[in-house]
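Q: Provided below for reference: sequence and predicted model.
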Amino acid sequence: MPLYLATWKIMDSKREQCMTYFASMTPEDDKQETSGVTVHGRWSIIGSASGAVVCEAEDYTTVASWLYNWVPMCNIEIKPIVDDNVARRIILNEEPSYLVDYSNVGDEPQEGETLFLIRYKFNKESRLEGNKTFANLTLEQDVGDSGNCRPLGRWHDLGNGTGLAVAGAKDELDIYKWAFNWASMCECSIVPVLTDKQARAVISSKPDFESKLQSLKTSLALEQLKKSQVLDFLA
């Protein structure tokens, strides 16, 4: 199935409403909302009210249908991506000598860890060299490249030489050492992120969360009533 990366930014005027609604959702709500879509991982950048999600579905329409639920509150960009295994197959024009395991993409951070989202962009003059260097890494080199970091997943947009990775690390030294390995060929931006579980815990722990949630429910109920009245009038 096609693999997609969606990045979002909550509109300034909708931050409180969107975050409150999101924090009130349960894993069961997530499953119902994402019907037909397999979400591999979703990570929030609380400070900028933004984040990223990696998912797959039979077709783009299914993904668009899900994300449309959030369009009134967020600006969302979606693009196709490939994982390490597919990227190497494309670059090498043959099956890679080993496969990267993606079964831990949705992991929570381990004790003492912070999850980081790393965005990379190859320098224009280094894009070909960078892709070849990446594709020809041996398993030992690949593991050694990330050092003390715990990679959860890495994905690529081969069309413009960009991509992102999510990894756990216990301090900034380890995460920047990994990025520095590629400093001669690409730019890397690194931000700490939260899983859904972490983000919801942070938002819902605030003293005024329950009052905000009640206000939101009241507002949504009034909107639904108005829509119902309009439909009755038009019938």
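A: Great, that's in hand.
Q: use CA for all of it now, contacts and neighbours both
A: Fine.
Q: could you list the low-pLDDT ranges of the protein?
A: 221-235 (pLDDT under 70).
Q: tell me how many other residues surround residue 10.
A: Neighbourhood size, residue 10 [other C-alpha atoms under 10 Å]: 22.
Q: let's number from 22 now, not from 1
A: In the new numbering, first residue 22, that becomes residue 31.
Q: burial of the nearest residue to it once chain neighbours are set aside, as a residue count?
A: Excluding the flanking residues, the one nearest residue 31 by C-alpha to C-alpha, 6 or more residues apart in numbering is residue 95, at 4.2 Å. Residue 95 has 22 neighbours, counted by other C-alpha under 10 Å.
Q: contact partners for residue 95?
A: If you count contacts by C-alpha atoms under 8 Å, 6 or more residues apart in numbering, residue 95 has them with 29, 30, 31, 32, 35.
Q: cool, and residue 109?
A: 115, 116, 117, 155, 156, 157.
Q: residue 143 contacts residue 183, doesn't it?
A: Yes: if you go by C-alpha atoms under 8 Å, residue 143 and residue 183 touch, sitting 6.4 Å apart.
Q: who has more neighbours, these two?
A: Counted by other C-alpha under 10 Å, residue 143 and residue 183 do not tie: residue 143 has more neighbours, with 22 against 19.
Q: separation between the more buried one and residue 155?
A: To residue 155, residue 143 is 11 Å away according to C-alpha to C-alpha, to the nearest Å.
Q: cool, residue 177 as well?
A: On the measure of C-alpha to C-alpha, residue 177 and residue 155 end up 11 Å apart.
Q: what do you get for residue 163?
A: 8 Å.
Q: just residue 95 next, same as before
A: On the measure of C-alpha to C-alpha, residue 95 and residue 155 end up 34 Å apart.
Q: what of residue 59?
A: Distance from residue 59 to residue 155, by C-alpha to C-alpha: 27 Å.
Q: give me the buried subset of the contacts of residue 109.
A: 117, 155, 156 (16 or more other C-alpha atoms under 10 Å).
Q: quickly list what residue 188 is bridged to.
A: Applying DSSP bridges to residue 188 yields these beta-bridge partners: residue 137, residue 172.
Q: which ones are touching it?
A: Here residue 188 is in contact with 136, 137, 138, 170, 171, 172, 173, 174 (C-alpha under 8 Å, 6+ apart).
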